[in-house]
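> Model the structure of this input:
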Amino acid sequence: QVQLQESGGGLVQAGGSLRLSCAAAGRNLDQYFMGWFRQAPGKEREAVAAIGWSGPGIYYVDSIKGRFTISRDNAKSMVYLDMNTLKPEDTAVYYCAADTHYGKVVSSNCDYWGQGVQVTVSS
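Predicted coordinates for the structure are as follows:
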């Protein structure tokens, strides 16, 4: 069982930056891939970025490559999404999620999900 809680969402102007944080709690977190996902109104949820227990991010959706960075602080059980050069099309509810299977992470089919935070980018 993994509990996830996101924070850091808000309203930002286009071109600005935000950092999303996800606090994870549970046993054997080192077995879990972690990911950030987003769902905009009227659209399907999509995987934005994913990371394993160590090392850099291992997946980024094309639309955010070069602008967003996923990272993980295992000592603090935290996962972050640094979002730069934000665009109005980045507006969505962003979710943190976890699963032991990488395939389920990139297909937005994780077993454990946070409640989500709203990110709104104004033009």
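
> switch to C-alpha atoms for all contacts and neighbour counts from now on
OK.

> Just the CA trace of stretch 75-86, in CSV.
Extracted in CSV, the C-alpha atoms of stretch 75-86 (Å, rounded to 0.1, in the frame of the first residue of the first chain):
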residue,chain,number,x,y,z
ALA,A,75,15.7,9.9,1.7
LYS,A,76,12.6,12.2,2.0
SER,A,77,10.3,9.9,0.0
MET,A,78,9.5,12.8,-2.3
VAL,A,79,9.1,13.0,-6.0
TYR,A,80,9.2,16.3,-7.9
LEU,A,81,8.2,17.7,-11.2
ASP,A,82,10.0,21.0,-12.1
MET,A,83,8.0,22.7,-14.8
ASN,A,84,9.6,25.5,-16.8
THR,A,85,8.5,27.6,-19.8
LEU,A,86,4.9,26.7,-19.0
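
> Lys104: neighbouring residues, count only.
Applying other CA atoms under 10 Å, we find 14 residues neighbouring Lys104.

> Give me the contacts around stretch 33-42.
Contacts to stretch 33-42, defined as CA atoms under 8 Å, 6 or more residues apart in numbering, come from residues 45-53, 79, 81, 91-102, 105-106, 108.

> Dump it to CSV, restricted to CA.
Taking Å, rounded to 0.1, in the frame of the first residue of the first chain, the C-alpha atoms of stretch 33-42 are listed here in CSV:
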residue,chain,number,x,y,z
PHE,A,33,8.3,3.4,-10.3
MET,A,34,6.9,6.9,-9.8
GLY,A,35,5.2,9.1,-12.3
TRP,A,36,3.5,12.4,-13.0
PHE,A,37,0.3,12.4,-15.0
ARG,A,38,-2.1,15.1,-16.1
GLN,A,39,-5.7,15.4,-17.3
ALA,A,40,-7.0,18.5,-19.0
PRO,A,41,-10.8,19.1,-19.3
GLY,A,42,-12.3,16.9,-22.0
